[in-house]
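S.K.: next comes the sequence, and after it the predicted model I'd like to discuss.
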Amino acid sequence: MAVSPGPPARRAAWEAYTVVAGRLLTALQDPAAGPATLNVRLGVAASHIMRSASLWPEHGPMLVSAVHAAVRLLRADARDDLTDLARRIADRLYLLSAGPPRASTAPRNRAPW
């Protein structure tokens, strides 16, 4: 059974999400951003993820692996692939920050058949 992340895990995911979506992806979409800028932005994002990975028992190891892959893509100057990976990391962090899905308490108006 997966452990449901508590509020600290959700907060950490949101902070990492804002760094990835707000800083790293913005730099990746800017053609004027050079390798040095991307390296710094990826380093900050990686730092957030690596520091908080233990808070996400199910998703932390996958995010750590994705960070290592992102570093390799940056070194290989594979900007398009790095952008795609950064979007996927951001999506996962956003879902972690939202927490587990909640059961609907609204009455169902469906026929029982």
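M.R.: The structure has been received and is ready for your questions. Remember, predicted model here, so these are calculated numbers, not experimental data. Numbering: from 1, shown residues only.
S.K.: C-alpha coordinates for stretch 15-28, CSV please?
M.R.: The C-alpha coordinates for stretch 15-28 follow below in CSV (Å, rounded to 0.1, in the frame of the first residue of the first chain):
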residue,chain,number,x,y,z
GLU,A,15,8.1,24.5,-4.1
ALA,A,16,9.9,22.2,-6.5
TYR,A,17,7.2,22.6,-9.1
THR,A,18,7.4,26.4,-9.0
VAL,A,19,11.2,26.1,-9.5
VAL,A,20,10.9,23.7,-12.4
ALA,A,21,7.9,25.3,-14.1
GLY,A,22,8.7,28.9,-13.3
ARG,A,23,12.4,29.0,-13.7
LEU,A,24,13.8,26.0,-15.6
LEU,A,25,11.1,25.7,-18.2
THR,A,26,11.1,29.5,-18.7
ALA,A,27,14.8,29.4,-19.4
LEU,A,28,14.5,26.4,-21.7
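S.K.: return the set of buried residues in that stretch.
M.R.: Neighbour counts over stretch 15-28 (16 or more other CB atoms under 10 Å) mark A16, Y17, T18, V19, V20, A21, R23, L24, L25, A27, L28 as buried. (Each C-beta comes from the backbone N, C-alpha and C, glycine too.)
S.K.: who are the contact partners of L24?
M.R.: Contacts for L24 (CB atoms under 8 Å, 6 or more residues apart in numbering) come out as L38, R41, L42, V44, A45, A86.
S.K.: hmm, 7 Å instead?
M.R.: Residues in contact with L24 (CB atoms under 7 Å, 6 or more residues apart in numbering) are R41, L42, A45, A86.
S.K.: that concludes my questions; thank you for your assistance.
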